[in-house]
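Visitor: next one to model:
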Amino acid sequence: MQCSKVSELMSLRLDGLLDSAAQERLDQHLASCQPCEEEWRVLCELSELFQSAPLSVPAPGFAARVTHRVAETRAKQELRRGAFLLSGGLILLLLLTLPSLIGMAMLIGDLSSPTLISTGISTLTALLSALRSVGDAVALLLSASLSTPAAVLAPVYIAIALVTMFVWVRLMLRARTVSATRPA
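Guide: Got it, this is the predicted structure:
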């Protein structure tokens, strides 16, 4: 038997997890191998020392303090992550809007041009006309849908959809809260 395998068997025997055949092989090897026999003697002394030492009891509130400190650390990490994401989002927003802001600043200098003013007014008039057409189309669609017998059920379907969405969001928020408080 190899000495490296014997070390593993010695640990198993000290833990009471070794069957009788393996114990017999271990005893035979220890009788014939002086270094392994010395290691076995030291392991037995250490095991007796650990078994005779009194167990210490943690101070009252130790677990609560550790749990509180872990929760504080996680909260700080979440706060840092949120601040980082917010800062990154604001920087990205600034980078995306900066060209528009520069363009608007350049445009302000040209606002006194009579051609620009007349073009702006005609564009605004066209936009309002388009919005009026969209409003008319929505009104026509609503009047057509409300004139059918199924129109009575439409508010019920909308209410069911809204309640379902509300319940789903609540469940997702609760699941997120539970996973955030669960130990890692």
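
Visitor: how about the helices in this protein?
Guide: In the chain, the segments counted as helices under DSSP state H are 3-14, 20-32, 34-52, 62-110, 114-146, 154-181.

Visitor: winner for burial among those?
Guide: The densest packing among the helices of the chain, expressed as mean neighbour count by mean count of other Cβ atoms under 10 Å, is seen in helix 3-14 with a mean of 15. Using the backbone N, CA and C atoms, a C-beta is placed for each residue, glycine as well.

Visitor: make a markdown table from the helices of the chain and add mean pLDDT to it.
Guide: Formatted as a markdown table, the entries for the helices of the chain read as follows, by pLDDT from 0 to 100:
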| stretch | mean pLDDT |
| --- | --- |
| helix 3-14 | 86 |
| helix 20-32 | 90 |
| helix 34-52 | 90 |
| helix 62-110 | 82 |
| helix 114-146 | 80 |
| helix 154-181 | 81 |
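
Visitor: domain parsing for the chain?
Guide: Partitioning the chain according to automatic domain parsing yields domains covering residues 3-52, 60-112, 119-147, 153-184.

Visitor: any idea how far stretch 128-137 is from the chain center?
Guide: In terms of Cα atoms, centre = their mean, to the nearest Å, the centre of stretch 128-137 is set 45 Å apart from its chain centre.
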